[in-house]
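Everything below, folded, please.
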Amino acid sequence: MQKLFALVDCNNFYVSCERVFNPSLAGKPVVVLSNNDGCVIARSNEAKDAGIQMGQPIFQCRDLVSKHNVRVFSSNYCLYGDISGRVMDILSHFTPEMEIYSIDEAFLCMDGISGDPADYAHDIRHIVKKWVGVPVSVGIGPSKTLAKAAAVVAKKVSRHEGVFDITACAQDILSVMDVADIWGIGRQYSRFLRQHGIETALDLRDADDTWIRKNLKTPGLRTVMELRGISCIPLEQSQAPKKTIVCSRSFGRKVTDLDELKEAASAYVSRAAEKLRAQKSAASFIEVTLTEFPFNQGAPATHIASMDIPVATSYTPELISYAKALLERVYKKGPVYRKAGIMLSGIVPRGRVQASLFHPCHEGPREHVLMETVDAINARWGTGTIVCAASGSNRPWWMRQAHRSPRFTTSWKELPLVKA
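Residues are numbered from 1 along each chain as shown. I've put the predicted structure just below:
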């Protein structure tokens, strides 16, 4: 029996989240900015038509924003993450096998679906839009790679009404698809393939297997098989624990003070430790980076300090103490810093932490319960409800979010007021 996959892709996801709680934005040009309100990372179709480019610094398109009355929003990751979770929860009810691919995409196994798969996909679109308010497109195909290609057609060709099954017309679609647009083919590989006369997805599909194996290795051959409708990339229903956890942010303003840097590092450690505990892991290595503002044409100077943790831990106060010590190693009075980052690695399952005869374990049962309680409260009442005092209260270094919408679904304080 041939496999069948669907890729559900939320349309202009960040913009769609903003529109859920502000219906007046419908049909109007909207953009969402990156950290510190730097570059455009999401655009409505109307903003695309206005000529605003993805990744374009906002200061470069001020004239377009003013001319077309474009609504500008800072990133609201708490809102986007929560809406994503709601969409994924709905999708999980349509199939027992699902892979969450990204914040706005998921692969669904469509095997055994009775009736027309396209009709089933239209049902998915209708329910997600009705229950959450986010429009989605659905691409259907006998492999994940073809489903990904079908989703592009579903999103861009309006006559398909957001659903496209590529199964019966794969050759026609692949013949006009640029090789660089194939899922799994990066910029370097696409350049190499063009040099050898492979311009389209169809050219790659029909390439010689021996040549593909020699030049693109096994992953490349797997992609070719997928283009032929042979499923080689299974659904990853359970996400493997991360081997490295990084939390890195640019500051909202120039920072020179060591105490402010320690506050920032403490906040980043807290977030990284929360992710560490979420996957029931502990870290045995920590690294701190500090990046200066470049005052010449060269690259900005980056300072790095790291250390092995005697006994792997996920206890936030302990990790903060290590981060502060590392900061004191790399900090220099005088330079202006623009960014700091924390990396936790040497990650092991919490149940397999190796004790040490020569170093005490700071994460005992009481500390474990404390962290579980803090995580539960923050999950229930919103990120940042309880924070370590070391991360500060005023946080003048925090990233700029001058245009952020309220966190409607994760912060009680930011719910709209109704006056009766």
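
what comes into contact with stretch 21-34?
By CB atoms under 8 Å, 6 or more residues apart in numbering, the list of residues contacting stretch 21-34 from outside reads 14-15, 18-19, 39-44, 46-47, 49-50, 52, 58, 65, 68-75, 79, 403, 405-406, 408. Placement of C-beta: from N, CA and C, glycine included.

Return the subset of the residues you listed lying in helices.
14-15, 18-19, 46-47, 49, 65, 79 (DSSP state H).

before we move on, back to that, for PyMOL, write a command that selects the buried ones of the contacts of stretch 21-34.
Here is the PyMOL command that selects the buried residues among these (16 or more other CB atoms under 10 Å):
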select buried, resi 14+15+18+19+39+40+42+43+44+46+47+50+52+58+65+68+70+71+72+73+74+75+79+403+405+406+408
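
before we move on, back to that, would you mind putting the ones in helices among the contacts of stretch 21-34 into a markdown table with pLDDT and distance to residue 420 alongside?
Shown next, in a markdown table, are these (pLDDT from 0 to 100; distance: CB to CB, whole Å):
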| residue | pLDDT | distance to residue 420 |
| --- | --- | --- |
| 14 | 96 | 33 |
| 15 | 96 | 32 |
| 18 | 96 | 27 |
| 19 | 96 | 26 |
| 46 | 95 | 35 |
| 47 | 94 | 37 |
| 49 | 93 | 41 |
| 65 | 92 | 37 |
| 79 | 92 | 26 |
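
ok, the residues you listed vs residue 173, which is closest?
residue 49 (24.3 Å; CB to CB).

show me what contacts that closest one?
Residue 49 sits next to residue 29 when contact means CB under 8 Å, 6+ apart.

With residue 64 instead?
Shown in contact with residue 64 (CB under 8 Å, 6+ apart): 50-52, 70.

repeat for residue 226
Neighbouring residues of residue 226 by CB under 8 Å, 6+ apart: 143-146, 184, 232-233.

for residue 121, same thing?
6, 138, 140, 163, 165.

Can you tell me how far the closest residue to the third one other than its chain neighbours is from residue 184?
With CB to CB, 6 or more residues apart in numbering as the measure, residue 165 is the residue that lies nearest to residue 140, at 4.1 Å, once sequence neighbours are left out. The gap separating residue 165 from residue 184 is 21 Å, by CB to CB, to the nearest Å.

before we move on, what about residue 35?
28 Å.

Kindly report the same for residue 210.
Where residue 184 is concerned, residue 210 sits at a distance of 20 Å (CB to CB).

The two: who's more crowded?
residue 184 (16 against 9; other CB atoms under 10 Å).

so what's that one closest to, chain neighbours aside?
Nearest one to residue 184, counting by CB to CB, 6+ apart, is residue 223 at 4.7 Å.

quick one, strands of the stretch 151-300 of the chain?
All strands of the stretch 151-300 of the chain, identified by DSSP state E, counting those that start in this stretch, fall at 163-165, 245-255, 281-292.

Minimum distance to residue 217: which of the ones you listed has it?
The nearest among those, by CB to CB, is strand 245-255 at 27.7 Å.

average model confidence for that closest one?
If you average the pLDDT over strand 245-255, you get 87.

What strands line up against it, and which way round?
strand 337-345 (antiparallel) (DSSP bridges).

Enumerate the positions of the partner strand that are buried.
Using 16+ other CB under 10 Å as the burial criterion, the residues of strand 337-345 that qualify are 337-344.

Stretch 252-268 too?
In stretch 252-268, counting by 16+ other CB under 10 Å, buried: 252, 255, 260-268.

Where does pLDDT dip in the chain?
1, 295-300, 356-362 (pLDDT under 70).

what about the helices in it?
13-21, 45-49, 62-67, 77-91, 117-131, 144-156, 170-175, 187-195, 201-205, 209-227, 258-278, 316-330, 365-381.

In the ones in helices among the contacts of stretch 21-34, find the pair that's most separated.
Applying CB to CB across the ones in helices among the contacts of stretch 21-34, the maximum distance is between 49 and 79, 25.2 Å.

ok, residue 127 touching residue 90?
Yes. Judged on CB atoms under 8 Å, residue 127 makes contact with residue 90 at a distance of 6.2 Å.

Of the two, give the one with the bigger neighbour count.
residue 90 (18 against 15).

Am I right that that one is in contact with residue 129?
No. Counting by CB under 8 Å, residue 90 sits too far from residue 129 to count as a contact (10.3 Å).

coming back round to it: taking the contacts of residue 64 together, which two end up most distant?
It's 51 and 70 that sit farthest apart of these, by CB to CB, at 10.3 Å.

residues near the residue lying closest to residue 19 once chain neighbours are set aside, how many?
In space, and not counting its chain neighbours, residue 19 is closest to residue 25: 4.6 Å by CB to CB, 6+ apart. Neighbours of residue 25 under the rule other CB under 10 Å: 19.

what about residue 25, distance to residue 308?
Going from residue 25 to residue 308 by CB to CB gives 50 Å.

show me the contacts for residue 275.
242, 245, 247.

is the last one in a bridge, and if so with what?
Judged by DSSP bridges, the bridge partners of residue 247 are residue 342.

need the contact list for it.
Applying CB under 8 Å, 6+ apart, the residues near residue 247 are 268-269, 271-272, 275, 341-342.

How about the contacts made by the spatially closest residue to residue 107 that is not a sequence neighbour?
Excluding the flanking residues, the one nearest residue 107 by CB to CB, 6+ apart is residue 99, at 4.3 Å. By CB under 8 Å, 6+ apart, the contact set of residue 99 is 106-107, 235-237.

just curious, which of those is nearest to residue 287?
residue 236 (27.7 Å).

I'd like to know how many residues surround that closest one.
Residue 236 has 12 neighbouring residues, counting by other CB under 10 Å.

follow-up on the earlier one: could you say which of the strands of the stretch 151-300 of the chain is packed most deeply?
Most buried of the strands of the stretch 151-300 of the chain, by mean neighbour count (mean count of other CB atoms under 10 Å): strand 163-165, with a mean of 25.

Now tell me what touches that strand from outside.
Against strand 163-165 from outside (CB under 8 Å, 6+ apart): 117-118, 121-122, 125, 137-141, 150-151, 153-154, 157.
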